[in-house]
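> How does the following fold in three dimensions:
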Amino acid sequence: MTPRIIEPFRIKVVEPIKLTTPGERRDFLEEAGYNAFKLRGEDVLIDLLTDSGTSAMSAEQWAAMMRGDEAYAGSRSWYRFRDTVQEIFGFEHVIPTHQGRAAERILFTTVCSPGDVVPNNTHFDTTRANIEATGARAVDLPTPEGLQPAEPHPFKGNLDVEALRELLDEVGVERVPLCMVTVTNNTGGGQPVSMANLRAVSELCRERGIPFYLDACRFAENAFFIQQREEGWGEASVPEIARAMFALADGCTMSAKKDGMANIGGFLCTNDAQLSRQEENLLILTEGFPTYGGLAGRDLDAIAVGLREAMDEDYLTYRIEVARYLAEHLTEAGVPVVQPAGGHAVYIDAAAFLPHVPPRELPGQSVVAELYLAGGIRAVEIGTVMFGRRDPETGEESTAKMELVRLALPRRVYTKSQVDYVVDVAAELAARREAIRGFRFVTQEPVLRHFTATFEPRYEMEVGG
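Predicted structure coming up:
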């Protein structure tokens with residue numbers, strides 16, 4: 001008999017959760033314009049909005065923070081951070097930033113020009129926005145299996161290499177300043193990218209003389225999936241697989257708020273000395289000196305420890321198992337999810353869950369609102385709200401390729417009974433799904449609208465008991 005997976009940690013500090021009533025949650029939701037981003041954190045029971053910066057830090061990380069050296073330039077914390085990043089990622093130049101989107105902005109501002117094209121397996125929200133802010137165009141090239149939520153392919157995060165080849169032939173390599181692959185593919189359901197796919201993309205980019213970058217936010221989870229699923233890698237350690245991944249790339253962006261296990265921070269890496277100097281100049285202008293990049297020394301030390309802890313295989317086994325457990329039990333409860341489960345989250349297929357709600361009536365937003373109203377669970381829509389657009393002239397809404405709701409799992413935060421509670425609430429929604437209707441926009445901004453938009457329901461939402 002295989003022993004059950006348990007949390008590979010002890011809880012030493014607890015934070016109380018404020019229990020709320022359905023009536024209170026309805027008032028909170030209305031006040032927030034039915035946008036989960038606008039809810040007060042204290043009014044949320046189970047917060048699955050994001051896994052970014054929401055991790056519980058370890059005793060070793062807290063101890064490292066006490067060693068934080070706050071010298072403005074050349075602190076001991078900087079050297080510990082830099083040496084750790086160089087050892088794990090293998091890149092020569094390391095540029096610290098306050099979070100991942102700052103690394104993206106510096107990279108794309110430096111290398112992109114109006115009319116350029118940046119391909120990726122699938123860009124996430126801030127990545128796309130930072131590319132388009134330069135006048136360049138972000139192009140998603142997911143593998144066909146990645147657009148089929150119920151398809152249980154082991155590497156649905158892969159980039160379609162033939163589609164990339166066709167794009168390069170169409171636009172010309174002079175218009176492609178870099179190619180990216182996001183590991184794991186967040187927009188596509190937290191799905192991993194295989195080493196074979198990374199190698200194929202890398203070879204094509206080098207053949208065409210195009211820099212190849214990884215969006216490495218969840219590199220440790222991706223490396224673990226390669227170890228577990230890809231032939232030839234079963235005996236390799238997660239650090240060995242991670243180094244093999246990065247050896248295929250010319251640089252990376254990283255949000256240390258994910259697989260850095262920290263509450264803030266990020267970095268940008270490259271092997272190009274000239275590019276690094278340009279990026280550092282922009283860093284100094286907007287983030288800080290190159291040896292702190294907008295971070296306190298204690299944050300640099302917390303990241304240095306967290307990057308190593310993220311690659312611990314006992315921890316990764318537990319984390320992936322939690323996602324699998326949640327996905328399996330949601331499916332049993334009649335809630336369709338992206339298969340197989342991703343690493344950092346489980347994604348409800350809102351289009352399949354509410355087939356009677358068309359995309360322009362925002363089925364994902366309906367699921368997000370109902371999860372909070374029924375159980376105080378905060379999730380995030382990854383569909384037409386996040387990736388659709390309103391035509392400024394006609395007012396017509398374009399729709400996303402998939403209508404998903406992400407249940408992101410903060411690292412080392414929630415227990416099995418709390419995960420079971422999420423399943424119970426979702427099952428209650430499944431039992432009355434036919435009564436759930438859509439939403440409409442009330443207000444929205446032209447860029448990254450999902451953070452600040454307000455909505456109203458097209459039906460009377462039930463409060464429940």
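> So, low pLDDT: which residues of this structure?
1-3, 463-465 (pLDDT under 70).
> how about the CA coordinates for the lengthiest helix in it, as PDB?
Looking across the chain with DSSP state H, the single longest helix is helix 313-332. What follows is helix 313-332, C-alpha atoms only, in PDB (Å, rounded to 0.1, in the frame of the first residue of the first chain):
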ATOM      1  CA  GLU A 313      11.500  17.000  -4.400                       C
ATOM      2  CA  ASP A 314       9.500  16.100  -1.200                       C
ATOM      3  CA  TYR A 315       7.900  19.600  -1.400                       C
ATOM      4  CA  LEU A 316       7.300  19.300  -5.200                       C
ATOM      5  CA  THR A 317       5.700  15.800  -4.800                       C
ATOM      6  CA  TYR A 318       3.300  17.200  -2.200                       C
ATOM      7  CA  ARG A 319       2.500  20.300  -4.200                       C
ATOM      8  CA  ILE A 320       1.700  18.500  -7.400                       C
ATOM      9  CA  GLU A 321      -0.300  15.900  -5.500                       C
ATOM     10  CA  VAL A 322      -2.500  18.700  -3.900                       C
ATOM     11  CA  ALA A 323      -3.300  20.000  -7.400                       C
ATOM     12  CA  ARG A 324      -4.100  16.400  -8.600                       C
ATOM     13  CA  TYR A 325      -6.200  15.700  -5.600                       C
ATOM     14  CA  LEU A 326      -8.200  18.900  -6.100                       C
ATOM     15  CA  ALA A 327      -8.700  18.300  -9.800                       C
ATOM     16  CA  GLU A 328      -9.800  14.700  -9.200                       C
ATOM     17  CA  HIS A 329     -12.400  15.600  -6.600                       C
ATOM     18  CA  LEU A 330     -13.700  18.500  -8.500                       C
ATOM     19  CA  THR A 331     -14.200  16.200 -11.500                       C
ATOM     20  CA  GLU A 332     -16.000  13.700  -9.300                       C
END
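> now what about it, what contacts it?
Residues from elsewhere that reach helix 313-332 (C-beta atoms under 8 Å, 6 or more residues apart in numbering): 5-9, 190, 220-221, 224-225, 228, 237-238, 309-310, 337-346, 348, 407, 409, 411-412, 416, 419-420, 422-423, 426. Where C-beta positions appear, they are placed from N, C-alpha and C, glycine not excepted.
> quick check, Leu29 in a helix?
Yes - counting by DSSP: H, G, I helix; E, B strand; the rest coil, Leu29 is found in a helix.
> Could I get the contacting residues of it?
Residues in contact with Leu29 (C-beta under 8 Å, 6+ apart) are 39, 369, 372-373.
> Most neighbours among those residues, which one?
In terms of neighbours by other C-beta atoms under 10 Å, the contacts of Leu29 top out with Tyr372 at 27 neighbours.
> Surely that residue touches Leu39?
Yes - assessed by C-beta atoms under 8 Å, Tyr372 is found in contact with Leu39 at 7.2 Å.
> shared neighbours of the two, which are they?
29, 378.
> With just CA atoms, put stretch 150-159 into CSV.
In CSV, the C-alpha atoms belonging to stretch 150-159 read as follows (Å, rounded to 0.1, in the frame of the first residue of the first chain):
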residue,chain,number,x,y,z
ALA,A,150,-10.3,17.8,-21.4
GLU,A,151,-7.4,16.4,-23.4
PRO,A,152,-5.0,14.6,-20.9
HIS,A,153,-1.8,15.3,-22.8
PRO,A,154,1.3,15.2,-20.5
PHE,A,155,2.9,18.4,-22.0
LYS,A,156,0.0,20.7,-23.0
GLY,A,157,2.2,23.7,-22.3
ASN,A,158,4.4,23.1,-25.4
LEU,A,159,4.9,25.7,-28.1
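> buried stuff in it?
Residues of stretch 150-159 classed as buried: 154-159 (neighbour count, 16 or more other C-beta atoms under 10 Å).
> Give me the residues contacting that stretch.
When contacts are defined by C-beta under 8 Å, 6+ apart, stretch 150-159 is touched by residues 119-122, 141-143, 145-146, 181-185, 188-189, 191-194, 197, 201, 222, 225, 229-230, 336, 338-340, 349, 352.
> 7 Å instead?
Contacts with stretch 150-159, where a contact means C-beta atoms under 7 Å, 6 or more residues apart in numbering, come from 121, 141, 143, 145-146, 181, 184-185, 188-189, 191-194, 197, 201, 229, 336, 339-340.
> from the middle of its chain, how far away would that stretch be?
Chain-centre distance of stretch 150-159: 17 Å, with C-alpha atoms, centre = their mean, to the nearest Å.
> And for stretch 277-288?
Distance, centroid of stretch 277-288 to centroid of chain: 25 Å (C-alpha atoms, centre = their mean).
> Kindly report the same for stretch 378-387.
12 Å.
> Quick check: end-to-end length of it?
19 Å (C-alpha to C-alpha, to the nearest Å).
> With Thr384 as the reference, measure out to Thr394.
Distance, Thr394 to Thr384, using C-beta to C-beta, to the nearest Å: 16 Å.
> who's more crowded, these two?
Thr384 (26 against 7).
> Quote the end-to-end distance of stretch 440-450.
Chord length of stretch 440-450, first to last residue, is 13 Å (C-alpha to C-alpha).
> same check, this time on stretch 47-56
With C-alpha to C-alpha, one end of stretch 47-56 sits 13 Å from the other.
> again with stretch 371-382
First residue to last in stretch 371-382 (C-alpha to C-alpha) measures 15 Å.
> ditto for stretch 386-404
End-to-end distance (C-alpha to C-alpha), stretch 386-404: 10 Å.
> now that stretch: how far from the chain's centre is it?
Distance, stretch centre to chain centre, for stretch 386-404: 21 Å (C-alpha atoms, centre = their mean).
> Tell me how far the nearest residue to Val173 once chain neighbours are set aside lies from Glu174.
Once flanking residues are discounted, Val173 sits nearest to Arg208: 4.8 Å by C-beta to C-beta, 6 or more residues apart in numbering. From Arg208 across to Glu174, the span is 10 Å (C-beta to C-beta).
> Same question for Val183.
Val183 is 27 Å from Glu174, where distance means C-beta to C-beta.
> neighbour-wise, which of the two wins?
Per other C-beta under 10 Å, whichever of Val183 and Glu174 has more neighbours is Val183, with 31 against 9.
> Let me know whether that one touches Ala220 as I believe.
No - using C-beta atoms under 7 Å, Val183 is not in contact with Ala220; the gap is 9.6 Å.
> so who does the spatially most central residue of the chain touch?
With distances taken as C-alpha atoms, centre = their mean, Asn186 lies nearest the centre of the chain, 4.6 Å away. When contacts are counted by C-beta under 7 Å, 6+ apart, Asn186 touches Phe124.
> what's the spacing between it and Lys258?
9 Å.
> hey, where'd the strands end up in the chain?
Assignment of strands within the chain using DSSP state E yields the ranges 46-47, 93-97, 117-120, 137-140, 179-182, 212-215, 251-255, 266-270, 345-349, 377-378, 380-382, 404-408, 439-443, 454-457.
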